[in-house]
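Undergrad: give me a model of this one.
(one chain, ligands or ions: 1)
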Amino acid sequence: MSTAAADKTGGRAVTEVAVGVVVRADGSFLLGQRPVGKPYEGYWEFPGGKLEAGESVEAALARELKEELDIDMRACEPWRTLEHDYPHAYVRLYFCKVTAWDGEPRGMEGQAVTWQTLPVNVAPLLPAAQPVLEWMLDERAA
Ligand SMILES: Nc1nc2c([nH]c(=O)n2[C@@H]2O[C@H](COP(=O)(O)OP(=O)(O)OP(=O)(O)O)[C@@H](O)[C@H]2O)c(=O)[nH]1
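TA: This next block holds a predicted model:
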């Protein structure tokens, strides 16, 4: 690891996370509420989770969407990457747009899920989910 990388992460391993921006044809997108017992419980986030050893972003996302929402991902397009320094972890988030899937999303871990449009009417969002809303606004304006 380079010195710069070590400085940025405070010497911690980088936690890699695959995150899905699940978008319907009408532009609405899915948010889920973090279950009790996880860091930032009750905060709203885009569905996803940590990569397992040797797993690709796409495979991790498909697995997480099945586990969390009981949907089968059919189309996924890498979008943006963001790093965030939380007290509990230094995370690198790989955001992907998910535009096709089979099944109707439901909270398989007891979490609430909601289809949203901009501006969202739920709060609070995870700190590193907030920029996604700005990216979507930018795209809409372009
Ligand atoms: N899924 C998701 N995680 C996010 C977002 N933004 C963000 O900072 N994260 C961070 O990414 C990490 C994802 O971890 P997680 O706890 O959801 O993953 P997981 O389901 O694999 O966890 P577990 O198996 O340990 O329970 C957390 O540190 C979380 O705070 C987001 O929009 N969606």
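Undergrad: quick one: contacts for the spatially most central residue of the chain?
TA: Taking CA atoms, centre = their mean as the criterion, V19 is the residue nearest the geometric centre of the chain, at 2.9 Å. By CB atoms under 8 Å, 6 or more residues apart in numbering, V19 lies in contact with 45-48, 61, 93-96, 129. Bear in mind the C-beta positions are built from the backbone N, C-alpha and C, glycine included.
Undergrad: and the closest residue to it other than its chain neighbours, how many residues sit next to it?
TA: Once flanking residues are discounted, V19 sits nearest to G48: 3.6 Å by CB to CB, 6 or more residues apart in numbering. G48: 26 surrounding residues under other CB atoms under 10 Å.
Undergrad: likewise K8?
TA: Going by other CB under 10 Å, the residues that sit close to K8 add up to 14.
Undergrad: wait, is it part of a helix?
TA: Yes. Assessed with DSSP: H, G, I helix; E, B strand; the rest coil, K8 lies in a helix.
Undergrad: mind listing what it touches?
TA: 83, 85, 90.
Undergrad: for V98, same thing?
TA: If you count contacts by CB under 8 Å, 6+ apart, V98 has them with 20-23, 61, 65, 73, 75-76.
Undergrad: next, give phi and psi for it.
TA: Backbone geometry at V98, expressed as degrees, to the nearest 10, gives phi -110, psi 110.
Undergrad: what does A60 give?
TA: When quoted as degrees, to the nearest 10, the phi and psi of A60 stand at phi -60, psi -40.
Undergrad: redo the contacts of V98 as TSV? Include distance to G10, neighbour count and secondary structure.
TA: As requested, those are arranged in TSV below (distance: CB to CB, whole Å; neighbours: other CB atoms under 10 Å; DSSP: H, G, I helix; E, B strand; the rest coil):
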residue	distance to G10	neighbour count	secondary structure
G20	28	28	strand
V21	28	23	strand
V22	32	27	strand
V23	34	16	strand
L61	27	27	helix
L65	31	26	helix
M73	33	23	strand
A75	37	10	strand
C76	31	21	strand
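Undergrad: going through the contacts of K8, which ones are buried?
TA: Neighbour counting with 16 or more other CB atoms under 10 Å marks Y90 as buried within the contacts of K8.
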